[in-house]
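**Q** missing the sequence, but the structure's below:
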């Protein structure tokens with residue numbers, strides 16, 4: 001309880017001490033699932049800036065990614081679509097992927113591939129769907145095997161696609177060109193429920209164990225487990241994670257409405273931030 005109290009105190013300090021913004025400040029964007037928004041925080045201070053994006057038919061904000069055009073794409077869990085916002089202003093542009101296009105049902109993670117197209121995990125159709133990166137038109141069901149409840153997804157340093165499988169307790173690897181199943185790359189403990197995932201500066205794979213409130217690390221080439229990298233009492237319902245430009249790791253605590261920062265080399269807890277109406281945070285990304 002003392003650690004939780006310290007985390008809350010740290011949060012309060014950030015909200016009170018934040019002052020003027022640096023003109024060159026990096027920014028952290030977080031999907032606020034509970035109120036259909038994308039919130040913006042100054043990095044590295046953690047100070048809340050504003051509601052960066054909202055509206056346009058996005059309901060249940062989930063996965064978030066910048067596209068090759070510099071704009072921001074957000075998946076709507078309950079609207080079954082992907083909405084596009086101006087990457088500089090946050091203004092709504094359009095519904096990029098129409099509701100249920102290609103069978104999209106409860107999108108989770110979104111990412112752009114090396115081919116410039118948009119890849120979206122479709123939770124209840126157990127597939128990764130691919131959409132034209134320019135028009136948003138459905139192309140195909142890119143990956144469909146060995147998946148049950150896909151959530152996070154990312155293209156790895158090897159060019160292949162890695163997908164966290166909520167119901168399978170695995171991270172599945174697919175050929176980045178063909179979508180063919182390669183292997184179950186990483187195996188988690190039963191009832192871990194992997195959520196978001198990211199490759200770290202060290203080349204290893206980091207996966208949120210939603211149920212165990214941990215960030216797990218796996219060897220980036222072999223998938224061998226390397227143990228628990230980060231955990232904290234204030235990490236309650238581990239959802240999104242992202243590495244900051246300085247190499248530190250940021251992780252969303254769904255049920256405490258916080259973003260926790262951990263040392264990117266040691267996994268030690270550094271601080272926490274939140275506020276601004278952050279409600280049920282899910283996925284994170286940094287501006288670029």
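**A** Cool, the structure landed. Bear in mind that the values here come from a model prediction, so they are computed numbers and not experimental data.

**Q** pLDDT on stretch 125-132, on average?
**A** Stretch 125-132 shows an average pLDDT of 98 in the prediction.

**Q** Measure how far that stretch is from the centre of its chain, please.
**A** Remark: stretch 125-132 is offset 17 Å from the chain centroid, using C-alpha atoms, centre = their mean, to the nearest Å.

**Q** now stretch 69-79
**A** Worked out by C-alpha atoms, centre = their mean, stretch 69-79 lies 12 Å from the chain centre.

**Q** Would you mind measuring the gap between the ends of that stretch?
**A** Stretch 69-79 has an end-to-end distance of 23 Å (C-alpha to C-alpha, to the nearest Å).

**Q** So for it, what gets flagged as buried?
**A** Neighbour counts over stretch 69-79 (16 or more other C-beta atoms under 10 Å) mark 71-77, 79 as buried. For every residue, glycine as well, the C-beta is placed using N, CA and C.

**Q** if I look at residue 74, how far off is residue 30?
**A** 11 Å (C-beta to C-beta, to the nearest Å).

**Q** quick one on the thing from earlier: redo the buried residues of stretch 69-79 as TSV? Include pLDDT, secondary structure and distance to residue 205.
**A** As requested, the buried residues of stretch 69-79 are exported to TSV (pLDDT from 0 to 100; DSSP: H, G, I helix; E, B strand; the rest coil; distance: C-beta to C-beta, whole Å):
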residue	pLDDT	secondary structure	distance to residue 205
71	98	coil	27
72	98	strand	25
73	98	strand	23
74	98	strand	24
75	98	strand	22
76	98	strand	27
77	97	coil	24
79	98	coil	30
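
**Q** now, the most widely separated pair of those?
**A** Greatest spatial distance among those (C-beta to C-beta): 71 and 77, at 20.2 Å.

**Q** those helices in the stretch 1-150 of the chain, which residues are they?
**A** All helices of the stretch 1-150 of the chain, identified by DSSP state H, counting those that start in this stretch, fall at 2-17.

**Q** low-confidence ranges in it?
**A** Along the stretch 1-150 of the chain, segments meeting pLDDT under 70 span 1-25.

**Q** can you rerun that using 90?
**A** Along the stretch 1-150 of the chain, segments meeting pLDDT under 90 span 1-26.

**Q** Quick one: the strands in it, in order.
**A** With DSSP state E, counting those that start in this stretch as the criterion, the stretch 1-150 of the chain has strands at 26-32, 37-43, 48-54, 61-66, 72-76, 81-85, 92-97, 107-112, 118-122, 127-131, 138-143, 150-155.

**Q** Now render those strands as JSON lines, adding distance to residue 264.
**A** Below are the strands of the stretch 1-150 of the chain laid out as JSON lines (distance: least, C-beta to C-beta, whole Å):
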{"stretch": "strand 26-32", "distance to residue 264": "14"}
{"stretch": "strand 37-43", "distance to residue 264": "13"}
{"stretch": "strand 48-54", "distance to residue 264": "23"}
{"stretch": "strand 61-66", "distance to residue 264": "20"}
{"stretch": "strand 72-76", "distance to residue 264": "24"}
{"stretch": "strand 81-85", "distance to residue 264": "28"}
{"stretch": "strand 92-97", "distance to residue 264": "32"}
{"stretch": "strand 107-112", "distance to residue 264": "21"}
{"stretch": "strand 118-122", "distance to residue 264": "25"}
{"stretch": "strand 127-131", "distance to residue 264": "28"}
{"stretch": "strand 138-143", "distance to residue 264": "29"}
{"stretch": "strand 150-155", "distance to residue 264": "17"}
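
**Q** Of those strands, which is nearest residue 259?
**A** Closest among the strands of the stretch 1-150 of the chain, once you apply C-beta to C-beta, is strand 26-32, at 6.3 Å.

**Q** Pairing partners for that closest one, with directions?
**A** strand 37-43 (antiparallel), strand 281-286 (antiparallel) (DSSP bridges).

**Q** ok so, going back, please enumerate the shared neighbours of residue 74 and residue 30.
**A** residue 38 (C-beta atoms under 8 Å, 6 or more residues apart in numbering).

**Q** I'd like the distance between residue 165 and residue 194.
**A** Distance, residue 165 to residue 194, by C-beta to C-beta: 7 Å.

**Q** Who has more neighbours out of these two?
**A** residue 194 (26 against 23; other C-beta atoms under 10 Å).
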